[in-house]
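>>> any chance you could fold what I've pasted below:
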Amino acid sequence: MTIDIDIFECRGGDILACDIVNKDGVKLVSRGTTLNDYIIEKLKQFEINNVKVIYPPEYIKKNRYNYEKFEYGYKKSIQLVKDIVNDLSTGKALNIDKVTSATELIYEHIHQNDICMLLNFLDRIKVTDEYTYLHSINVAFYCMLLAKWIDLSEYEIKKAVQAGLLHDIGKSRIPTSILNKPAKLTNEEFEIIKKHPVYGYDILSESEFSDLDIKRAVLLHHERINCSGYPFGISGEKIGLLARIVSIADVYDAMTSNRVYKKKVTPFTTFEMFITEGYSGFDAYLTTEFINHMATYLIGSSVKLDNGENGKIVYIPPNNLLCPIVYSNGEYIDMKKSNIRIIEMI
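Alright, predicted model coming up:
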């Protein structure tokens, strides 16, 4: 439910139901943003009199229950993915029932009120050491969100979830000594890794899994629209929508996760990669939708700054996602005007 309220009745925690624009049509705050005192005061300064907010009164009461339910479902999904990978590693067929069960567990959390909690949980869970399994689950969640944000149907969103879950299934045929190597791969080892999309496609084709779109997404999720990807070096529309969705979710989670050979970076570093070089390799429309929506859920996040202090993100300008406003030690730091930078999400 959405309600239209006076700006002076807004309170921290209200969630915007619509974009807020100024008199010139410039976006000030994006739909889905959780309001705080800083944003509310800025809206007053811009003479914004009324805003539409999402208002489910029962949400605050159920928040703890929702978190525990999500954590339970997430852990159950991890176990299902482990079972699937272990079965494949021992020569068993793909268990489609387990894929379906994991898909349904993930899809349960598509609703607006769960997204902020979901993303916070995904960021925290990345400190664990089960990257291979967690990555598949996380990519499935990011695929679900991106598919939702571009208004795909429930049927297509669930396909995106399955594509995310299965995108790296071919790695079950890659030696663990290569997958878990705590150093940069040799050229020969990387050539072996690059076979996993084909292996994944083969695994799905050898099973009773019949959805061609998902199989193509598994096969093509490392392709890039500028022909720089693998295994075929194809471009543009030939890659297919699901594969283009998975490619963005895959790279975002990989960059913002600790891996055996590389430390994670902040979401802002990942945004910068997408904005400065990513548009040549990734679908521009999908990338823009993804980072614009993701940014709204970073507001309120605690961060570590390169001056040794901690702070909290209070605002991210929609027209400059790389320069948030951070509250630290009693002052607001505008990253556009300051040399201080965020080095870690905490």
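>>> quick check: buried residues in stretch 264-273?
By neighbour count with 16 or more other Cβ atoms under 10 Å, stretch 264-273 contains the buried residues 264, 265, 266, 267, 268, 270, 271, 272, 273. Where C-beta positions appear, they are placed from N, C-alpha and C, glycine not excepted.
>>> can I assume residue 4 sits in a strand?
Yes - according to DSSP: H, G, I helix; E, B strand; the rest coil, residue 4 belongs to a strand.
>>> where does it land on pLDDT?
Looking at residue 4, its pLDDT is 90.
>>> what's the answer for residue 155, then?
With respect to pLDDT, residue 155 scores 96.
>>> any idea which element it lies in?
Taking DSSP states H and E as the criterion, residue 155 maps to helix 154-166.
>>> can you list the buried residues in that helix?
Applying 16+ other Cβ under 10 Å to helix 154-166 flags 156, 157, 158, 159, 160, 161, 162, 163, 164, 165, 166 as buried.
>>> biggest helix in the chain by residues?
For the chain, the longest helix by residue count, based on DSSP state H, is helix 58-89.
>>> picking that back up, among the buried residues of stretch 264-273, name the ones in helices.
Reading helices off the buried residues of stretch 264-273 with DSSP H, I get 267, 268, 270, 271, 272, 273.
>>> can you redo these as JSON lines with pLDDT?
Shown next, in JSON lines, are those (pLDDT from 0 to 100):
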{"residue": "267", "pLDDT": "95"}
{"residue": "268", "pLDDT": "96"}
{"residue": "270", "pLDDT": "96"}
{"residue": "271", "pLDDT": "96"}
{"residue": "272", "pLDDT": "95"}
{"residue": "273", "pLDDT": "95"}
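>>> and these, which is closest to residue 238?
residue 273 (23.7 Å; Cβ to Cβ).
>>> helices or strands next to the helix or strand hosting residue 314 in the packing?
Assessed by DSSP H and E, residue 314 sits inside strand 310-315. On a contact count with 3 or more Cβ pairs under 8 Å, 6 or more residues apart in numbering; DSSP states H and E, strand 310-315 meets helix 37-45, strand 302-305, strand 325-328.
>>> that one: which residues count as buried?
Neighbour-count burial for strand 310-315 [16+ other Cβ under 10 Å]: 311, 312, 313, 314, 315.
>>> skip the chain neighbours and tell me the closest residue to the residue nearest the centre of the chain.
In the chain, the centroid-proximal residue (Cα atoms, centre = their mean) is residue 142; its distance is 3.7 Å. In this structure, residue 142 finds its nearest non-sequential neighbour in residue 249, 3.5 Å apart by Cβ to Cβ, 6 or more residues apart in numbering.
>>> residues in contact with that neighbour?
By Cβ atoms under 8 Å, 6 or more residues apart in numbering, the contact list for residue 249 reads 138, 139, 140, 142, 143, 146, 164, 290.
>>> rewinding a little: including distance to residue 83, could the buried residues of helix 154-166 go into JSON lines?
Converted to JSON lines, these look like this (distance: Cβ to Cβ, whole Å):
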{"residue": "156", "distance to residue 83": "26"}
{"residue": "157", "distance to residue 83": "24"}
{"residue": "158", "distance to residue 83": "20"}
{"residue": "159", "distance to residue 83": "22"}
{"residue": "160", "distance to residue 83": "22"}
{"residue": "161", "distance to residue 83": "17"}
{"residue": "162", "distance to residue 83": "16"}
{"residue": "163", "distance to residue 83": "19"}
{"residue": "164", "distance to residue 83": "17"}
{"residue": "165", "distance to residue 83": "12"}
{"residue": "166", "distance to residue 83": "14"}
